[in-house]
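> Using only what follows, build the 3D model:
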Amino acid sequence: MSTITSSAETTYVPLWRVRLRLFMRSMKTNWATFAENPIGLIGLGIVVFFGLFALAHPILMNTVWEPKVYRPVNGFDIEIPYHPSPPSARHLLGTDPMGRDVLSQLMFSTRYEFALGMISAIVTVLIATTIGAVSAYYGGVIDAIMMRIVDLVIMVPFLPILIVMSTLMHIGMLELALVIGILSGFGGTAIVIKSQALTVKVKPYIEAARIAGGGDFHIIFSHMVPNLLPIALLYMMFVVTGAIFSEAVLSFFGLTEIEMSWGLMINTTQVFGYIMRFDTWYLLIPASLAITLLCAAFYLVGRALDEVVNPRLRER
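So this is what the prediction gives:
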């Protein structure tokens, strides 16, 4: 329990409430710093837009759109049999070569892109933070072994690994997210977090926790890891960008088994021979623009967060 003493009486304040106040104060300060950067606000606005874009799809399917016409995977408009049609009042972004609504596909795919990016980022942060904290804390042989594994992963090209794996095994959205997360976790992110962990390791509270009898596991995961989370959150943004881009490349070459994605929309355009035709721009531009905008948005948010977690950039 934490106590606040006054001349009149002693008031007891629960410790969780004190921590909550400190957390909220820190969040307000960090948000003020983040909001000073216009590129961060632009990126956040784009991310929010795509989030609402994804949430709107099931609402439209249940209230406005006729499911058998607007289903993104196996929908079919009998009035437009098996050929692309330009944007119209019935299909705002037209239909693809199989008569499926492009806007419905675009909105449906957004949820997969978010899920892919978030799962990849979470797996990356869990692995990279653990490796960085453990390597920095123990040093010696453990540090050498872990860093050599990281060096080995960094040396091998990222996309070729994914392409080879996709030819050897079933690659759905979850499998792809886990593979990207594991490779990214054992990649450069682990080195960056380890360098930050080395500065945390020499802080007075780490030595105090050790003197107080705290075990290695307690010190690493109760004292070091929480102080590494801000920089881990920063690199989450960049992992999301890489995951979305990697999925688009693999789906474009037809190497994934995801039922619908932006990369798969471009792949369909290429397979049916419409990718270089200007009169069917609505088959290529929406998905390509969505990939570019969402990747750029997470990158911009990451750049803005860099100023929040990096005091040197904040002072400029």
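> need the longest helix for the protein.
If you go by DSSP state H, the chain has its longest helix at helix 102-138.
> For that one, what is the distance to the chain centroid?
Centroid displacement of helix 102-138 relative to its chain, using C-alpha atoms, centre = their mean, to the nearest Å, is 5 Å.
> Against which helices or strands is that helix packed?
Secondary-structure packing of helix 102-138 (3 or more C-beta pairs under 8 Å, 6 or more residues apart in numbering; DSSP states H and E): helix 38-63, helix 140-155, helix 173-185, helix 188-201, helix 216-219, helix 225-252, helix 262-271, helix 281-309. Yep, even glycine has a C-beta here, placed from its N, CA and C like the rest.
> of all those, which lies closest to Ala208?
Ala208 sits nearest to helix 216-219 of all those, at 10.1 Å, using C-beta to C-beta.
> who are the neighbours of that closest one, in terms of helices and strands?
Counting contacts by 3+ C-beta pairs under 8 Å, 6+ apart, helix 216-219 is packed against helix 102-138, helix 204-211.
> circling back: could you check the longest helix of the chain and say which residues are buried?
102-114, 116-121, 123-125, 127-137 (16 or more other C-beta atoms under 10 Å).
> Let me see the contact set for the residue nearest to Gly94 when sequence neighbours are not counted.
Excluding its sequence neighbours, the residue lying closest to Gly94 (C-beta to C-beta, 6 or more residues apart in numbering) is Tyr282, at 4.1 Å. Tyr282 is in contact with 84, 86-87, 93-94, 102, counting by C-beta atoms under 8 Å, 6 or more residues apart in numbering.
> are any of those residues buried, and which?
Members of the contacts of Tyr282 classed as buried by 16+ other C-beta under 10 Å are 84, 93-94, 102.
> So which helix or strand of the protein has the lowest pLDDT on average?
Ranked by mean pLDDT, DSSP states H and E, the weakest helix or strand in the chain is strand 2-5, scoring a mean of 46.
> measure the residue nearest to Leu233 when sequence neighbours are not counted to Leu198 for me?
Distances taken as C-beta to C-beta, 6+ apart put Leu305 closest to Leu233, at 6.7 Å, once the chain neighbours are dropped. Look at Leu305 and Leu198: by C-beta to C-beta, to the nearest Å, they are 21 Å apart.
> picking that back up, could the contacts of Tyr282 go into CSV alongside distance to Pro160?
Putting the contacts of Tyr282 into CSV (distance: C-beta to C-beta, whole Å) gives the following:
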residue, distance to Pro160
Pro84, 33
Pro86, 38
Pro87, 38
Leu93, 34
Gly94, 35
Val102, 31
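> Redo the residues you listed as JSON lines? Include pLDDT, secondary structure and distance to Ala177.
As requested, the contacts of Tyr282 are exported to JSON lines (pLDDT from 0 to 100; DSSP: H, G, I helix; E, B strand; the rest coil; distance: C-beta to C-beta, whole Å):
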{"residue": "Pro84", "pLDDT": "85", "secondary structure": "coil", "distance to Ala177": "31"}
{"residue": "Pro86", "pLDDT": "88", "secondary structure": "coil", "distance to Ala177": "35"}
{"residue": "Pro87", "pLDDT": "91", "secondary structure": "coil", "distance to Ala177": "32"}
{"residue": "Leu93", "pLDDT": "91", "secondary structure": "coil", "distance to Ala177": "27"}
{"residue": "Gly94", "pLDDT": "89", "secondary structure": "coil", "distance to Ala177": "30"}
{"residue": "Val102", "pLDDT": "92", "secondary structure": "helix", "distance to Ala177": "25"}
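> Quick check, central residue of this protein?
The C-alpha lying nearest the average C-alpha coordinate of the chain belongs to Val240 (C-alpha atoms, centre = their mean; 2.9 Å).
> returning to what we had before: can you pick out the most distant pair from the buried ones among the contacts of Tyr282?
With C-beta to C-beta as the measure, no two of the buried ones among the contacts of Tyr282 lie farther apart than Pro84 and Leu93, at 10.8 Å.
> Before I go, just wanted to say thanks for your time.
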